[in-house]
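Visitor: what follows is a predicted structure for the sequence shown.
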Amino acid sequence: MSRIWDAIVVGAGPGGAIASYALARRGASVLLLDRHAFPRWKVCGACLSAGALERLANAGLGDLARSESAVALRQLTLIAGRRRAIVPLRGSAALSRVRFDQALVDAAISEGVEFRSRTRAALGPLAGDARIVHVEIEGSEEEHTGSVVIDATGLGRGLEVRSTDPSPERLRPTWRVAEHSRVGIGATIDDAEYDLVAGDLRMVVGRTGYVGLVRLEDGRLNVGAAVDPTALRGRSPADAVADILADASLPPLEGDVVHGWRGTPALTRGRTDMGAERLFRLGDAAGYVEPFTGEGMCWALGAGLAVTELALEARRGWRPDLLRVWDSHQRKSMARSQRLCRVVAWALRRPRVVDSVVGLLNKAPLLAKPFVRQAAGAPRSRLGRAA
C-alpha cells in the first residue's frame, strides 16, 4: 500500500507528536510513526517547565496537563552532601511520560493524524516533489511518500537510511558527542513510604552525577539521573543512584520497580546538520544538552511547533533556503537555554562549587529566582521567513 502525505513524522515523542498535531490543524495530511507500542515509558525527569506549559497553551493544548492530573511543583530542593536549599518554583508540573506522550498522540489523532505504532521506518530516496519512506509493520513493508519527512527519533541511532540518492551518507546521523558526556538512567518506583511529598522536585548532587526525584500523578516516584559512564562500570543503574543518594546521607529507593531501570546514550551531543532535502530533524534528534529541570521537553515542543510553517511551505514546493532557515532557527532558539544548561552541568561536576552555591541558596533562596525563571521559560526566538 502506498499513499502520498503532506508530512511523514517518525517518532511520536513530544516533538514529533506536537508537530503532527499542529500540521493537521493547518489542514495537512500527516502520518505519524513510532517503533514502540503506546502508551510507553521513557527515561525522563518527567517535569514540564513553565516554558513547556506555555508551548502547550500556544498550541491550543493549555488544558492537557491539568486533564492528565499533572502535579503542580511548588519547590526545588537542592541537596549536596550535608547542605540543602529550598528554591520556590512556580508554573511547573510533574507528569509521567506514559500519560503525557499518549495524550499528545491522542490530540494529534483527534485532528486527523494517522498514527501507527510498532513500526520500523527507513528514509528512502527523493521521488519528484516528495521523499519515500519505507515502513515495516507486522512483517510486511509499505512504501509511503511525503512532501516532507520529519525525523523526531530522539537520541538513538536516528532514522535508518535506505536511499539511492547521491551521497546518501549525508542523510545518516552525524553526531558530535561531547567529551565527558554523562548518560541518563531512570525508573518509576512504587514507593509510597519514601520521604518525598507531591509538589517537591528533589535534586541530589553527588560525586558521580545527580538524581532527580519527583512524585507523579499516580503517587509513584519518578527517578531521572545523569551519571558519569564510569559510575556504571560493574554497577547497576540502581546501584549508581543509591551511591549518589548515600553521598547526601539519604536512604536508597526500595519500592517495587514499575518501569526501568533503563539508560540513554550520551546526553550532550550535537549534529553537523539539521536535515537534508525534504527532511527536517527536530527535538533530541537534532541535538541535546544535559538538562536540569525539564528544559528538554520545552525544546522539543518548541521545535515541533516551529517546524510546522516550514513543512507547510515545503508542501507547496521545496527550496534549499527552507533548510537554512530551519538550521538557523534551531541553533538560535536554543542557544541561550542550552548555554545555561552547559554552565549548570559544568558546576555540577565541581563539588566545591556545588557546596558553595547550595550553602548560599540556603541562606538566600531568592537569589535563584532569575536562574529559575530563565531556565524554565520558553526561548524567545521567532522562525525567520524563508526568502
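Guide: Yes, it's here. Residues are numbered from 1 along each chain as shown.

Visitor: from what I can see Glu142 touches Val135, true?
Guide: Yes - in terms of C-beta atoms under 8 Å, Glu142 counts as a neighbour of Val135; the distance is 4.7 Å. For every residue, glycine as well, the C-beta is placed using N, CA and C.

Visitor: between the two, which one's more packed in?
Guide: Taking neighbours as other C-beta atoms under 10 Å, Glu142 and Val135 compare with Val135 leading, 22 against 14.

Visitor: surely the more buried one and Arg35 touch.
Guide: No - judged on C-beta under 8 Å, Val135 makes no contact with Arg35 at a distance of 10.6 Å.

Visitor: what's the overlap in contacts for those two?
Guide: Among the neighbours of Val135, those also in contact with Arg35 (C-beta atoms under 8 Å, 6 or more residues apart in numbering) are Thr119, Arg120, Ala121.

Visitor: now for these, which sits with the most neighbours around it?
Guide: Going by other C-beta under 10 Å, Ala121 tops these with 26 neighbours.

Visitor: look at that one and give its secondary structure.
Guide: When classified by DSSP: H, G, I helix; E, B strand; the rest coil, Ala121 comes out as strand.

Visitor: how much space separates it from Ala300?
Guide: 19 Å (C-beta to C-beta, to the nearest Å).

Visitor: excluding chain neighbours, give the residue nearest to Val205 in space.
Guide: Ala80 (4.4 Å; C-beta to C-beta, 6 or more residues apart in numbering).

Visitor: can you check Gly199 too?
Guide: Nearest-residue entry for Gly199: Arg74, 4.3 Å, with adjacent residues in sequence omitted and distances by C-beta to C-beta, 6+ apart.

Visitor: just Leu48 next, same as before
Guide: Excluding the flanking residues, the one nearest Leu48 by C-beta to C-beta, 6+ apart is Ala93, at 4.8 Å.

Visitor: got phi/psi on that neighbour?
Guide: Main-chain dihedrals, Ala93, degrees, to the nearest 10: phi -150, psi 160.

Visitor: so how far is Thr77 from Ala50?
Guide: Going from Ala50 to Thr77 by C-beta to C-beta gives 18 Å.

Visitor: in terms of neighbours, single out the busier of these two.
Guide: The residue with more neighbours, out of Ala50 and Thr77, is Ala50; 22 against 16, by other C-beta under 10 Å.

Visitor: just to revisit the earlier point, neighbours of the residue nearest to Leu48, how many?
Guide: 25.

Visitor: quick one: residues contacting it.
Guide: So Ala93 contacts Cys47, Leu48, Leu53, Ala65, Ala70, Val71, Ala72, Leu73 (C-beta under 8 Å, 6+ apart).

Visitor: shouldn't the last one be within a helix?
Guide: No - according to three-state DSSP, Leu73 belongs to no helix; its state is strand.

Visitor: so what's the residue count around it?
Guide: Leu73 has 26 neighbours, counted by other C-beta under 10 Å.

Visitor: my guess is it contacts Ser92. True?
Guide: Yes - with contacts counted by C-beta under 8 Å, Leu73 reaches Ser92, the gap being 4.3 Å.

Visitor: residues shared between the contacts of those two?
Guide: Residues touching both Leu73 and Ser92 by C-beta under 8 Å, 6+ apart: Cys47, Leu201.

Visitor: can you give me the strands for the stretch 101-250 of the chain?
Guide: 114-116, 119-126, 131-137, 140-151, 160-161, 175-177, 183-190, 200-205, 209-215, 221-227 (DSSP state E, counting those that start in this stretch).

Visitor: make JSON lines from the contacts of Ala93 and add distance to His259 and pLDDT to it.
Guide: Below are the contacts of Ala93 laid out as JSON lines (distance: C-beta to C-beta, whole Å; pLDDT from 0 to 100):
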{"residue": "Cys47", "distance to His259": "16", "pLDDT": "93"}
{"residue": "Leu48", "distance to His259": "18", "pLDDT": "94"}
{"residue": "Leu53", "distance to His259": "24", "pLDDT": "94"}
{"residue": "Ala65", "distance to His259": "20", "pLDDT": "97"}
{"residue": "Ala70", "distance to His259": "18", "pLDDT": "98"}
{"residue": "Val71", "distance to His259": "17", "pLDDT": "98"}
{"residue": "Ala72", "distance to His259": "23", "pLDDT": "97"}
{"residue": "Leu73", "distance to His259": "21", "pLDDT": "95"}
